[in-house]
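In: Turn this into a structure:
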Amino acid sequence: MNIKRAKQQIISTIKTYSAKDKYGRYLIPKEKQRPLLLIGAPGIGKSDIVSQVAAELNIGFLPFSMIHYTRQSARDENFIKHKLIKNLDVNLSVHSENEIISTIHDMVQDSGLERGILFFDEINHESEVLDPVMRQFLQYKVYGCPALPEGWIVIAAGNEPEYNNSARKFDVATLDKFKCINIEPNFDVWKDYAYRVGMNAAVVIYLAVKPQNFFRIENTSGDVRFVTARGWEDLSKMMNVYETLGAKIDKTLVSQYIHHNDVADDFTSYYQFYKKYRNTYNVNEILAGKASNDFKTRMADVDLEERYIFIGVLLDVVCKSTREFLRGARVFNAVTALVKSVGNNTHQLGEIFKAEVEKDSGNVEKAKIANNLLEENEIFYTMKHTALKKYLKESVQTGHSSIKDAYDSDSLLFNRSVENIKTMYTNLFGFCEEVYGHSGNEMAALVTELAINGFTSSYIANFGCDEYHKYDKKDIFKQKYDAFLEEISQIHKAEDD
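Out: Down below sits the predicted model:
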């Protein structure tokens, strides 16, 4: 299955394992709760989806890599303890709590979260001397003497031996203790994730045209060449920073992440092609509705490849603008809820805001301890605290009434931003309709990508977009878009041949 379905399977399993009957007993007894085993190629996001699930369910996340784990740290140790029994001072050999169980208890105490995920990465790399310990733990959730705390489940991940010489193949007896999920690379699913994390537009556009280069592992005559989703993501992050700094992006950089010479060459060439076209477009002018007639005429006549790049560049700017708008809207709505909570008692806002900052700071700290702080939530709290502290600073200088005045002023600015983003979408559709028509491949690409992108689809769902809703034949548009990409792909294949 793909990574998105695997994530949903993890969520469903956690909810099922947590379900209890009216007597407070687990519907599936603890010893029958099979650990989940995620098996798949390296670099496709197995570890990432487990941490995402923990964050979304607000439960703890404790990862361990079995490559670096030893029997000594996994097992509890004996030590001598003095104890008084029936007036006799005796020495007893007792078990200490092993590192894993001890760390879980510390996390529960410090974060306040009773439930969590214990995650073993590289599970089939663990030492053979650990094998009996792991078998016991998988079956009975016990490491030596200490047991896995109530509310915690076990998830493990590993690679097939074909991808890693040091990986061991599980025997039937071991596999029969797991709930197994086999994960395959899938670009269409990954693209949704790519949009959410702000991956470089050139990477997403390139892979949409050449999905065969999304994931490749080839071993010929001992020469291993590979490309993984992790490689594309890490390259993308570096490219974003390079572009911000104005640094040169060339094959030297690309080949540090894309370990396949042909693909590295191909992407480097494509990026130069993409950059040349991108730099000729004044996207902000287009989205402001100020594109010249000469430019519209030129874009109507360009070849298929440039049209696709152009739509991709437009969507990249729209996505980033929408993401920033939604972040601001989330903060504004949170502040609005606090203002409404005091009614006409606006003099209480200072204390309310102070208490909110303290509460949020505590929640963020606990989320960091539990390893479940989502990036978007961290950004939200940072922006929210900046806004609240700005209001508090103004109240110190001019009095409590200034908080409400400042909020009213910011309300006007927010309403203006709502109109600005609405106008941007209107101009986006207006340009594409005028240049490419209502039913062309370009409009199909635009509508389909807006639906796929998590930020733009969220904006459309919450704020509406009349222009988008005019195109209600989504299935037909998706078919046209797929045909559009296939046509571009065939052009590249002919050039490669």
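In: low-scoring stretches of the chain, by residue?
Out: Applying pLDDT under 70 to the chain picks out residues 66-98, 125-146, 161-168, 221-222, 396-401, 472-497.
In: Mark out where each domain of it begins and ends.
Out: With domains defined by automatic domain parsing, the chain comprises 3-73+107-184, 186-275, 280-497.
In: Redo those domains as JSON lines? Include mean neighbour count and distance to Glu99.
Out: Every residue, glycine included, has its C-beta placed from N, CA and C. Formatted as JSON lines, those follow (neighbours: other C-beta atoms under 10 Å; distance: least, C-beta to C-beta, whole Å):
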{"stretch": "domain 3-73+107-184", "mean neighbour count": "17", "distance to Glu99": "5"}
{"stretch": "domain 186-275", "mean neighbour count": "17", "distance to Glu99": "28"}
{"stretch": "domain 280-497", "mean neighbour count": "16", "distance to Glu99": "16"}
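In: Tabulate the ones you listed (a markdown table), appending distance to Ile101.
Out: Listed next are these as a markdown table, based on distance: least, C-beta to C-beta, whole Å:
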| stretch | distance to Ile101 |
| --- | --- |
| domain 3-73+107-184 | 4 |
| domain 186-275 | 31 |
| domain 280-497 | 16 |
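In: Gly105 contacts Leu148, doesn't it?
Out: You called it Gly, but residue 105 is His. No - His105 lies out of contact with Leu148 (C-beta atoms under 8 Å); the separation is 10.7 Å.
In: And the helices in the stretch 201-350 of the chain, which stretches?
Out: Per DSSP state H, counting those that start in this stretch, the stretch 201-350 of the chain carries helices over the ranges 201-209, 229-245, 251-254, 261-278, 283-287, 293-301, 304-341, 349-369.
In: For Ser458, which of those is the nearest?
Out: Among the helices of the stretch 201-350 of the chain, the nearest to Ser458 by C-beta to C-beta is helix 304-341 (6.3 Å).
In: between the closest one and helix 349-369, how big is the angle?
Out: Interaxial angle of helix 304-341 relative to helix 349-369 (axes from the mean of the first three to the mean of the last three C-alpha atoms, to 10 degrees): 130 degrees.
In: quick one, helix 304-341 and helix 293-301 angle?
Out: Angle, helix 304-341 to helix 293-301, by the same axes, to 10 degrees: 120 degrees.
In: Helix 261-278 and helix 304-341, what's the angle between them?
Out: 70 degrees.
In: And Phe170, its phi and psi?
Out: Backbone torsions for Phe170, taken as degrees, to the nearest 10, come to phi -70, psi 140.
In: Confirm for me that it is in contact with Ala156.
Out: No - Phe170 is not in contact with Ala156 according to C-beta under 8 Å; the separation is 10.3 Å.
In: Quick check: Glu356 vs Gly198, distance?
Out: Going from Glu356 to Gly198 by C-beta to C-beta, to the nearest Å gives 28 Å.
In: Please name the nearest non-neighbouring residue to Tyr17.
Out: Gln33 (4.8 Å; C-beta to C-beta, 6 or more residues apart in numbering).
In: Return the distance of that neighbour relative to Ser111.
Out: In this view, Gln33 and Ser111 are 22 Å apart by C-beta to C-beta.
In: show me the contacts for the residue nearest to Asp316 when sequence neighbours are not counted.
Out: Distances taken as C-beta to C-beta, 6+ apart place Ala201 nearest to Asp316, at 3.8 Å, with adjacent residues excluded. Shown in contact with Ala201 (C-beta atoms under 8 Å, 6 or more residues apart in numbering): Gly312, Val313, Leu315, Asp316.
In: Dump those residues into JSON lines; add distance to Thr456 as well.
Out: What follows is these, written out as JSON lines (distance: C-beta to C-beta, whole Å):
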{"residue": "Gly312", "distance to Thr456": "13"}
{"residue": "Val313", "distance to Thr456": "15"}
{"residue": "Leu315", "distance to Thr456": "8"}
{"residue": "Asp316", "distance to Thr456": "11"}
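In: Extract the CA atoms of stretch 264-272 and return them as CSV.
Out: Only the C-alpha atoms of stretch 264-272 are listed here, as CSV (Å, rounded to 0.1, in the frame of the first residue of the first chain):
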residue,chain,number,x,y,z
ALA,A,264,21.3,13.9,-11.3
ASP,A,265,22.3,15.1,-14.8
ASP,A,266,18.7,15.1,-16.0
PHE,A,267,17.3,17.1,-13.1
THR,A,268,20.2,19.6,-13.2
SER,A,269,19.5,20.3,-16.8
TYR,A,270,15.7,20.5,-16.1
TYR,A,271,16.3,23.0,-13.3
GLN,A,272,18.3,25.3,-15.5
